[in-house]
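# Any chance you can model this:
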Amino acid sequence: MKLHQLLVTSAAVIFPAIANAAAVDLSSWAGAEGDAGQFNWVIAGDNNSVLQTVNGNPTVFHNGVNSQGNALSGTIEVQTTGDDDFIGFVLGYKAGDLKSATADYLLIDWKQLNQGSFGCNADVGLSISRVSGTLGNDSGAWCHEVGSNVTELQRGTTLGSTGWQDNTIYNFEIVFTAALVEVKVNGVKELSVAGSFADGSFGFYNYSQSTVRYGALQEDVLPDPDPDPNVVPLPASLPMLAAGLGLVGLVARRRRA
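Residues are numbered from 1 along each chain as shown. As a prediction, this is how the structure comes out:
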């Protein structure tokens, strides 16, 4: 084996990956919220996907723990050709926020088609909004109407005016920190919003759209953005250099022998 091959192999053995995303066990999540009879979240037998079956008022299924500093990934699919409404996520959600006048969380929703109701128009496409107060079957949830308790912050880079497709699996990745939220769909960064965001749960969101599945769910802890200043980090190149020097010495000794 050549020296550079030994170096690569040695580094891989001594310094494996620090962390890996873990599969999400939905049976441990806090559960579903919404108006009575307006939702039905069904967890699959593997506890790693959930299907919302009802066409109803806004509903959330959340993990019930503070999730800032984490990343969530998986798939989302509308498994029907019926209807054209909202699918998505909530971030920084706390139990009871749908009905709370003091709620403060982020809503990521995706509409398939333009549609008028409540005297306003729900725009097709993907967006992120800040929810301040209750969220019901109203103009705020439907069209993010100016002056409502839903303030739209940004629309998707490529999906801002493009709806989801029936029976199509989309891969999503969400990064959630106190100062930044980023969302990728099929590997494309669609949303990147900086600000000051309240801590709270990851959650799934539906509004007037049945038969939506969230699956293949994984969660990972993000690197610490503010490490302890008293800890001096090891330069990334030092372990490789040390391993290389050790191997060079070993080869030299073998040649002298």
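
# quick one, strands of the stretch 151-257 of the chain?
For the stretch 151-257 of the chain, the strands defined by DSSP state E, counting those that start in this stretch occupy 170-176, 180-185, 188-194, 201-207, 212-221.

# what angle separates the first one from strand 212-221?
Between the axis of strand 170-176 and that of strand 212-221 there is an angle of 40 degrees, by axes from the mean of the first three to the mean of the last three CA atoms, to 10 degrees.

# likewise the fourth one?
When the same axes, to 10 degrees is applied, the directions of strand 201-207 and strand 212-221 differ by 160 degrees.

# From the contact counts, what lies against strand 201-207?
strand 50-52, strand 59-62, strand 86-93, strand 104-111, strand 212-221 (3 or more CB pairs under 8 Å, 6 or more residues apart in numbering; DSSP states H and E). In this view, the C-beta of every residue, glycine as well, is placed from N, C-alpha and C.

# can the ones you listed go into JSON lines with extra columns for mean neighbour count?
Shown next, in JSON lines, are the helices and strands packed on strand 201-207 (neighbours: other CB atoms under 10 Å):
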{"stretch": "strand 50-52", "mean neighbour count": "21"}
{"stretch": "strand 59-62", "mean neighbour count": "25"}
{"stretch": "strand 86-93", "mean neighbour count": "25"}
{"stretch": "strand 104-111", "mean neighbour count": "24"}
{"stretch": "strand 212-221", "mean neighbour count": "18"}
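
# how about those in JSON lines, adding distance to V175 and mean pLDDT?
As requested, these are exported to JSON lines (distance: least, CB to CB, whole Å; pLDDT from 0 to 100):
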{"stretch": "strand 50-52", "distance to V175": "21", "mean pLDDT": "98"}
{"stretch": "strand 59-62", "distance to V175": "18", "mean pLDDT": "98"}
{"stretch": "strand 86-93", "distance to V175": "10", "mean pLDDT": "98"}
{"stretch": "strand 104-111", "distance to V175": "12", "mean pLDDT": "98"}
{"stretch": "strand 212-221", "distance to V175": "10", "mean pLDDT": "98"}
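
# For the ones you listed, give me TSV that also has distance to D123.
Converted to TSV, the helices and strands packed on strand 201-207 look like this (distance: least, CB to CB, whole Å):
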stretch	distance to D123
strand 50-52	22
strand 59-62	21
strand 86-93	11
strand 104-111	7
strand 212-221	19
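
# on that earlier part again, among the strands of the stretch 151-257 of the chain, which is nearest H144?
In terms of CB to CB, the element of the strands of the stretch 151-257 of the chain nearest to H144 is strand 201-207, at 11.7 Å.
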